[in-house]
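Engineer: whatever this is, show me its structure:
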Amino acid sequence: MENNQSPIILWFRRDLRLSDHPALSAAARTGRPILPVFILDDLAQSLGAAPKWRLGLGLEAFAKSFEQAGGRLILRRGEALTVLRKLISETGATTVYWSRAYNPETINRDKRIKSTLTKQGIESKSFAGHLLFEPWTVATKTGQPFRVFTPMWRAVQGRGVPSPEGAPPAIAAPRQWPVSDNLADWKMGAAMNRGAKVVAPFVRPGEQAAFDALHLFLDRISTYSADRDRLDLEGTSKLSEYLSLGEIGPRSIWHAVQSAAMNGVHGTDAYLRQLVWREFAYHLMYHSPHLLSGNWKPEWDAFPWNTDARQPEVVAWHRARTGIPAVDSGLREMYVTGRMHNRARMIVASYLTKHLMTHWKIGMDWFAECLVDWDPAANAMGWQWVAGSGPDAAPFFRIFNPETQREKFDPDANYLKRWIAEGQEAPPETALAYFRAAPRSWALDPEASYPEPVVELASGRARALAAYEGRKTG
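Structural biologist: Now for the predicted structure:
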């Protein structure tokens, strides 16, 4: 018979919170000791520079939260199954719980671990928590996965979302804690180099910071629909990095927004729609995992995109020196803050894939290196949406004009001034910080002149349209 006081190993991944955590709540209800662990395996090691650094900050904040709750976060490095089996041997644990993830590599790893542990008599159970709706529970009337967003939005609007549970009132500790790695020894920020000091003031990790950001957003959510595309205004939620690491759960956000609506706040549906847009990205990644690595629409496989990231135009794009201010300002915001305004992301992506005729995967991989709010599903879908190769994509012939986009969404050029130092007599600190964040090998100088366009907007548009015409007739 199983010892009812044997520990439950609670394997944390991208769910660094105590509230709205179904796996943690289920473990706490058993009354058994809980052994929280984070494993730095190959999948976590492979993260890009900025998301890996941000994960390190998140783990530091989460460990402190667990200590305040009377627990301890154990850190181990190595192959996940090997680490779990070693912990089971050390502690006598008979159960392992974790929150589900939905990208193919993680699914394959978790299935293998669950199968192996189950054969060894270890109860292994996964829980929801990263999404509002599990991908296999949302389907068209014919039972097929959704391929277009709006019908999915209509399908889930009336569905109930379980209310989030608070943090457990008590977390039972094991009789003896196993040895933990020292987080500092993992050097999670090593690849950031000097950029870490530049980005750090713009990042506030942890569950409490996530709820603070949510409450600040709720104060201005009534203007979200009107302001969310404005580059020069604080119109977005600022919640993406917290959702990415699970420092806040989507159910907490959903119910907080619904509560605001019931209290008479207007405009909440516009944000809930965007929260379901995130769900749509995961729905697609789960049902069509090739979204992460290839064109969702196979007819784009023969499109003549440039695939050489060493091309001078692409190097200029990477360095935010394209000579197109609306493009460069977005990239520089990313280098300084670790984030980029969503409207700027579309402008930046359109210029790379259309004016520069460069494959979306080059941009997707660069964002995966540089964004602290990197999310595999949202990043892949966003790039393919702009490029035209993805589901629910903008018409392939739609080519954003960065200058008209800037005039519409940054009418007084305040966003540009915030991020581009060249040409300003007294550039702000945010604009100068880009030169400190950039690698020294780029040899950038804020006193230098702003570059000429690597590709003029008119000629780039004409070249892209000609390629699209060839695609239709080829």
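
Engineer: have a look at this protein and report its longest strand.
Structural biologist: The strand that spans the most residues within the chain, counting by DSSP state E, is strand 34-40.

Engineer: and that strand, what does it pack onto?
Structural biologist: Counting contacts by 3 or more Cβ pairs under 8 Å, 6 or more residues apart in numbering; DSSP states H and E, strand 34-40 packs against strand 8-12, helix 22-29, strand 74-77, helix 80-91. C-betas here are computed from N, CA, C, even on glycine.

Engineer: among these, which is the most enclosed?
Structural biologist: Stretch with highest mean neighbour count among those: strand 8-12 (a mean of 25; mean count of other Cβ atoms under 10 Å).

Engineer: okay, the angle between that one and helix 80-91?
Structural biologist: In terms of direction (axes from the mean of the first three to the mean of the last three Cα atoms, to 10 degrees), strand 8-12 departs from helix 80-91 by 150 degrees.

Engineer: now do strand 8-12: distance to the chain's middle.
Structural biologist: Centroid displacement of strand 8-12 relative to its chain, using Cα atoms, centre = their mean, to the nearest Å, is 23 Å.

Engineer: what about it, average pLDDT?
Structural biologist: The average pLDDT for strand 8-12 rounds to 98.

Engineer: quick one, that strand and strand 34-40 angle?
Structural biologist: Counting by the same axes, to 10 degrees, strand 8-12 lies at 40 degrees to strand 34-40.

Engineer: neighbouring strands - and their directions - for strand 8-12?
Structural biologist: Using DSSP bridges, strand 8-12 pairs in its sheet with strand 34-40 (parallel), strand 95-99 (parallel).

Engineer: nearest to residue 178, out of these?
Structural biologist: For the strands paired with strand 8-12, distance to residue 178 was read as Cβ to Cβ. The smallest value, 7.3 Å, belongs to strand 34-40.

Engineer: and the angle for the closest one with helix 22-29?
Structural biologist: Using the same axes, to 10 degrees: strand 34-40 against helix 22-29 is 150 degrees.

Engineer: what does strand 34-40 contact?
Structural biologist: With contacts defined as Cβ atoms under 8 Å, 6 or more residues apart in numbering, strand 34-40 is touched by 7-13, 24, 27-28, 59, 66, 71-78, 80, 83-84, 87, 91, 93, 171-174, 177-178, 181, 186.

Engineer: next secondary structure after it?
Structural biologist: helix 42-45 (DSSP states H and E).

Engineer: can I get whichever helix or strand comes after that next one as CSV, trimmed to CA atoms?
Structural biologist: Sequence order places helix 49-68 as the next helix or strand after helix 42-45, per DSSP H and E. Extracted in CSV, the C-alpha atoms of helix 49-68 (Å, rounded to 0.1, in the frame of the first residue of the first chain):
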residue,chain,number,x,y,z
ALA,A,49,19.6,34.8,-24.6
ALA,A,50,16.8,37.1,-23.4
PRO,A,51,14.1,34.5,-22.5
LYS,A,52,16.7,32.4,-20.7
TRP,A,53,17.9,35.4,-18.7
ARG,A,54,14.3,36.3,-17.9
LEU,A,55,13.6,32.7,-16.8
GLY,A,56,16.4,33.0,-14.4
LEU,A,57,14.9,36.2,-12.9
GLY,A,58,11.5,34.5,-12.7
LEU,A,59,13.0,31.5,-10.9
GLU,A,60,14.7,33.8,-8.4
ALA,A,61,11.4,35.5,-7.7
PHE,A,62,9.5,32.3,-7.5
ALA,A,63,11.9,30.7,-5.1
LYS,A,64,11.4,33.6,-2.7
SER,A,65,7.6,33.2,-3.0
PHE,A,66,7.9,29.6,-2.1
GLU,A,67,10.1,30.3,0.9
GLN,A,68,7.5,32.8,2.2
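
Engineer: would you mind pulling up the elements that helix 49-68 packs against?
Structural biologist: helix 42-45, helix 183-186, helix 195-199, helix 207-218, helix 360-370.

Engineer: just the CA trace of the second one, in CSV.
Structural biologist: So the one you mean is helix 183-186. Extracted in CSV, the C-alpha atoms of helix 183-186 (Å, rounded to 0.1, in the frame of the first residue of the first chain):
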residue,chain,number,x,y,z
LEU,A,183,20.8,29.4,-9.3
ALA,A,184,23.8,31.7,-9.8
ASP,A,185,25.9,28.7,-10.9
TRP,A,186,23.5,28.2,-13.9
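
Engineer: for that helix, what is the average pLDDT?
Structural biologist: Averaging pLDDT along helix 183-186 yields 98.

Engineer: about what we covered before: to residue 131, which of the helices and strands packed on helix 49-68 lies closest?
Structural biologist: Of all those, it is helix 207-218 that lies closest to residue 131, at 16.5 Å by Cβ to Cβ.

Engineer: ok, residues contacting the helix or strand of the chain with the lowest mean pLDDT?
Structural biologist: Lowest by mean pLDDT, DSSP states H and E among the helices and strands of the chain is helix 457-473, with a mean of 85. Here helix 457-473 makes contact (Cβ under 8 Å, 6+ apart) with 302-304, 324, 351, 354-357, 396-397, 399, 401-403.

Engineer: pick out whichever of those residues sits closest to residue 287.
Structural biologist: The closest of the contacts of helix 457-473 to residue 287 turns out to be residue 396 (Cβ to Cβ; 22.5 Å).

Engineer: for the residue nearest the centre of the chain, which non-adjacent residue is spatially closest?
Structural biologist: Residue closest to the average C-alpha location in the chain (Cα atoms, centre = their mean): residue 375, at 2.6 Å. Distances taken as Cβ to Cβ, 6 or more residues apart in numbering place residue 244 nearest to residue 375, at 4.8 Å, with adjacent residues excluded.

Engineer: quick check: that neighbour vs residue 76, distance?
Structural biologist: Using Cβ to Cβ, to the nearest Å, residue 244 is found at 22 Å from residue 76.

Engineer: with residue 195 instead?
Structural biologist: 28 Å.

Engineer: would you map the helices across the stretch 201-350 of the chain?
Structural biologist: Along the stretch 201-350 of the chain, the segments classed as helices by DSSP state H, counting those that start in this stretch run 207-218, 224-227, 240-244, 250-262, 268-287, 312-318, 325-337, 342-350.

Engineer: for residue 436, find the nearest of these.
Structural biologist: Closest approach to residue 436 among those (Cβ to Cβ): helix 325-337, 8.6 Å.

Engineer: contacts for that closest one next, please.
Structural biologist: For helix 325-337, using Cβ under 8 Å, 6+ apart, the contacting residues are 195, 198-199, 202, 231, 317-318, 320-322, 339-341, 344-345, 347-348, 351, 367, 370-371, 402-403, 405-406, 410, 415-416, 418-420, 430-431, 433-434, 437-438, 450.
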